[in-house]
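Undergrad: Sequence plus the predicted model coming up.
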Amino acid sequence: MTHPAKVLRAARKASGKASGRSYSSGTKKALVQSATRLFADHGYAGTSLDEVVAASRVTKGAFYHHFPSKLALFDAVFTELQESAIDRIRQAFEAANDPWDQARAGLRAYLDVSRETEFRRICMQEAPVALGHEAFTEAERAASLGFIHDVVDRLVDDIGEIDVDREALAAVFYGAIRSSAEFVADSSDPDLASARVAESINVILTGLRTLGQLVTE
């Protein structure tokens, strides 16, 4: 049996999908938009291709012209939501001037995205199961780890005289932020959970900044 991660890589290559939001036809866009609504409402397993095709008002032949399987369609939806989220987070990040304020703004934007129904259901709850752990982790890291590295680089550059492995620190931040988003998404009170997470991350950032100041004194 072919591993799901290999199937998805082949599907991406075959469709020439450089970006989940770059569509060559209105049909493909309609399929992704309809699937996004259905996957958010009913989950991956609870959504049939017949429902997607009917909601998109296309034929199954048209569907298979763009996607080899429901899994490939789900991957396109997942990628679309991930890239859109990163764009929003980066905009919030770049709107601040101080690197520490940038980090906090980026975190707040990510927690806001994590509370949205489509992102929470599809990217956080359904994707690990539908795509499989390997493919999900690979796709998520590809979408967000580069941005996390950028955040870490700016923080460490601002600290100055501190010896820290930036790659390791980025991995720590990535894991913490991912776990924080899950904490918020799974909470019965996402707003309260988000506030608690933001407060906790702020303590970590303050500690890191204080450490840098002590080292340079």
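TA: That came through, no problem. Here the structure is a predicted model, which is why all the values come from computation and not from measurement.
Undergrad: Alpha carbons of stretch 131-141, in CSV - could you do that?
TA: Only the C-alpha atoms of stretch 131-141 are listed here, as CSV (Å, rounded to 0.1, in the frame of the first residue of the first chain):
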residue,chain,number,x,y,z
LEU,A,131,-3.5,13.4,5.8
GLY,A,132,-1.7,11.2,8.3
HIS,A,133,0.8,12.3,10.8
GLU,A,134,3.8,12.4,8.4
ALA,A,135,2.1,14.4,5.6
PHE,A,136,0.4,16.7,8.0
THR,A,137,3.6,17.5,9.9
GLU,A,138,5.5,18.0,6.7
ALA,A,139,2.9,20.4,5.2
GLU,A,140,2.4,22.4,8.4
ARG,A,141,6.1,22.8,8.9
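Undergrad: from the middle of its chain, how far away would it be?
TA: On the basis of CA atoms, centre = their mean, to the nearest Å, stretch 131-141 is displaced by 11 Å from the centre of the chain it belongs to.
Undergrad: average pLDDT for it?
TA: Taken as a whole, stretch 131-141 has a mean pLDDT of 88.
Undergrad: Could you check which helix or strand contains the residue nearest in space to the middle of the chain?
TA: The chain has Gln82 as the residue nearest its centroid, 3.8 Å off, counting by CA atoms, centre = their mean. If you go by DSSP states H and E, Gln82 is part of helix 70-95.
Undergrad: hang on, the earlier thing: identify the spatial nearest neighbour of the residue nearest to the centre of the chain, chain neighbours not counted.
TA: Ala143 (4.2 Å; CB to CB, 6 or more residues apart in numbering). The way it works is simple: take the backbone N, C-alpha and C, and place the C-beta from them, glycine included.
Undergrad: Which strand or helix spans that neighbour?
TA: helix 133-159.
Undergrad: which strands and helices sit next to that helix?
TA: Contacts defined by 3 or more CB pairs under 8 Å, 6 or more residues apart in numbering; DSSP states H and E place helix 133-159 against helix 4-15, helix 70-95, helix 99-114, helix 127-131, helix 166-186, helix 190-216.
Undergrad: gap between the residue nearest to Gln82 and Ile201?
TA: From Ala143 over to Ile201 the distance is 20 Å, taken as CB to CB, to the nearest Å.
Undergrad: For this structure, name the helix or strand with the lowest mean pLDDT.
TA: The weakest-scoring helix or strand in the chain, judged by mean pLDDT, DSSP states H and E, is helix 4-15 (a mean of 52).
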